[in-house]
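K.L.:
structure of the sequence below:
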Amino acid sequence: MVAFAVDMKWEALKNDMTAIISVAALALSGLSFYVSYFYKNQQLDLTITDVSYITNQGEVYMTVAFSNGGNRDAALLRVEPALWSKKNDKSPPEWMPLDTKVGADVPLTDPKIPLIVKAGGVEVVKLSARLTHDDAEHALVEKQAGAFLGVVVATMNSDGNLYKVQHPVARLDIDAAGHIHRAAPTIHQSLQGFKNVDSTPPGDQLQENEKTPFVWADQRN
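P.N.:
Below you'll find the model as predicted:
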């Protein structure tokens, strides 16, 4: 009789556990379906990893990493290096994209833009453009004691909303002779790709950290 009661209790416990597991599996399946088809998390971050200016050859190279932490794809529509400069003597300074190739066989962006950053994925875009040292030195804004390189990025989220990011990434220091002497980073953070950002020199004032890009420029001969 005791054994029979124990068997009954064990059978009831197994049935309860089976029911609980079934309900949990059903709930998990429902949650997964909701996250996949209804819940939207749109997040795109961009990080400048390195900037180099080969001064005497007039070549700018930059690497930008795009991380999609959301569950929807993101579109990169435009990624360009830029120079803080003026169209003419009377116009205010602005970010002027650098769109001249360093060579016929060297693309401005690698991979080619536009491109898709898959949900949960990372894309690394390498930029290259021509910038003569004369143009860089003539772009000098006196009160900031240097010429500034920046990045211009245009993105679109899965809802079709458009965003534009502009931010300084490096300062080209000018020596007493008016020539490029070295470079220093002017960004120490990742930027939100789905937010309009219009930053001007001198850049952010954060201290150097793990988000600070490696920046280099050789001295003009």
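K.L.:
so what's the residue nearest to D198 when sequence neighbours are not counted bridging to?
P.N.:
Distance criterion Cβ to Cβ, 6 or more residues apart in numbering; nearest residue to D198, sequence neighbours excluded, is Q166 at 5.2 Å. Every residue, glycine included, has its C-beta placed from N, CA and C. Beta bridges link Q166 to V152, D198, judged by DSSP bridges.
K.L.:
ok, now which ones touch the residue most central in space within the chain?
P.N.:
By Cα atoms, centre = their mean, the chain has its centre lying nearest to L46, at 1.5 Å. Contact analysis of L46 by Cβ atoms under 8 Å, 6 or more residues apart in numbering lists 64-67, 153, 165, 190-191, 193.
K.L.:
do I have it right that G69 meets V117?
P.N.:
No: taking contacts as Cβ atoms under 8 Å, G69 lies outside contact range of V117: 10.3 Å.
K.L.:
domains in the protein, by residue range?
P.N.:
In terms of domains, the chain is parsed into 1-39, 44-217 (source: automatic domain parsing).
K.L.:
might you report the residue contacts of T49?
P.N.:
Counted by Cβ under 8 Å, 6+ apart, T49 has contacts 63-65, 124, 213-214.
K.L.:
tell me the pLDDT at it?
P.N.:
T49 is assigned a predicted lDDT (pLDDT) of 97.
K.L.:
any idea which element it lies in?
P.N.:
Using DSSP states H and E, T49 falls within strand 44-54.
K.L.:
buried residues in that strand?
P.N.:
44-48, 50-53 (16 or more other Cβ atoms under 10 Å).
K.L.:
with stretch 99-119 instead?
P.N.:
102, 108-109, 113, 117, 119.
K.L.:
from the opening residue of that stretch to its closing one, how far?
P.N.:
29 Å (Cα to Cα, to the nearest Å).
K.L.:
next one: stretch 193-208
P.N.:
21 Å.
K.L.:
next, the buried residues of it.
P.N.:
For stretch 193-208, by 16+ other Cβ under 10 Å, it's 193-194, 199-203.
K.L.:
swap in stretch 213-221?
P.N.:
Those would be 213, 215-217, 220, for stretch 213-221 by 16+ other Cβ under 10 Å.
K.L.:
also stretch 78-93?
P.N.:
Neighbour-count burial for stretch 78-93 [16+ other Cβ under 10 Å]: 79-85, 93.
K.L.:
mean confidence (pLDDT) on that stretch, please.
P.N.:
90.
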